[in-house]
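1. got a predicted structure plus its sequence, pasted below:
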Amino acid sequence: MTDTPKPVRVFLMDDHEVVREGVRQLLETSGEIEVVGEAGSCADALARMPATRPHVAILDVQLPDGSGVEVCRDIRSEHPEIACLMLTSFSDEEALFQSIMAGAAGYVLKQIRGNDLVDTVRRVAAGESLIDPAVTGRLLERLRRPEPDEDPRIASLTKLERVILDHVAEGLTNRQIAAQVHLAEKTVKNYVSSILMKLGMSRRTEAAVFAVRAAEKR
């Protein structure tokens, strides 16, 4: 007599109740997956998830109170045994890049077929990475490769820091930038401080002028 395999334990985070209900029913109908917890916000997810001991956390990328990428980073830092699967409505290269850096095991669009989502959850729970290695390699190569004749201060910035600096040059506030890059406002503030330090500057306006002039030379 063989033992019945234990179901894959899953935690869902999405701010739309209808989406959570649909995904839960889809997963549990397979008979191989048990949804052990749900949250409609990043704060609730971080508070509730550890106690439910999921094998996989399915995280929406963008929520009103923050980013699923940040939740992924925090959860992976404290509970590396939990695999994070990012589920999003948009194919966004920057969000994909952030997810990779945060330690996500997979990144799929909400348009995914039901059977494929079940298979993805099963494979992520088994320790597989479902982010195309070719995509990962291409993004990391972009991160490392400076532009020809590029100012070394610009070259010292990461891809995300360059994006944030461009938004600073556009005159956006930290809150507005946070909405653009799917991060919390406090995280953007920390990035801006890091950018200023790398550029050897003390004021935001100084960095904005520098970025505009650098862009004109491209």
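-> Yep, it's here.
2. do you have the strands of this structure handy? List them.
-> 8-13, 33-39, 56-60, 62-63, 66-67, 83-88, 106-109 (DSSP state E).
3. what's the most buried one of those?
-> Highest mean neighbour count of those: strand 56-60, a mean of 27 (counted as mean count of other CB atoms under 10 Å). (Glycine included, C-beta is placed from N, CA and C.)
4. against which helices or strands is that strand packed?
-> Applying 3 or more CB pairs under 8 Å, 6 or more residues apart in numbering; DSSP states H and E, we find strand 56-60 packed against strand 8-13, helix 42-52, helix 68-78, strand 83-88, helix 114-125.
5. mean confidence for the last one?
-> Right, helix 114-125. Taken as a whole, helix 114-125 has a mean pLDDT of 92.
6. now do it: everything it contacts.
-> Helix 114-125 is contacted from outside by 8, 10, 23, 26-27, 30, 32-33, 55-56, 58, 83, 85, 105-106, 108, 112, 130, using CB atoms under 8 Å, 6 or more residues apart in numbering.
7. do the second one as well
-> Around helix 42-52, the neighbours that count as contacts under CB under 8 Å, 6+ apart are 9, 11, 13, 36-37, 39, 57, 59, 63, 65-68, 70-71, 74-75, 78-79, 82.
8. list the buried ones in it?
-> 42, 44-46, 49, 52 (16 or more other CB atoms under 10 Å).
9. so which of those residues comes closest to Ile154?
-> Of all the buried residues of helix 42-52, Cys42 has the smallest distance to Ile154: 31.6 Å, by CB to CB.
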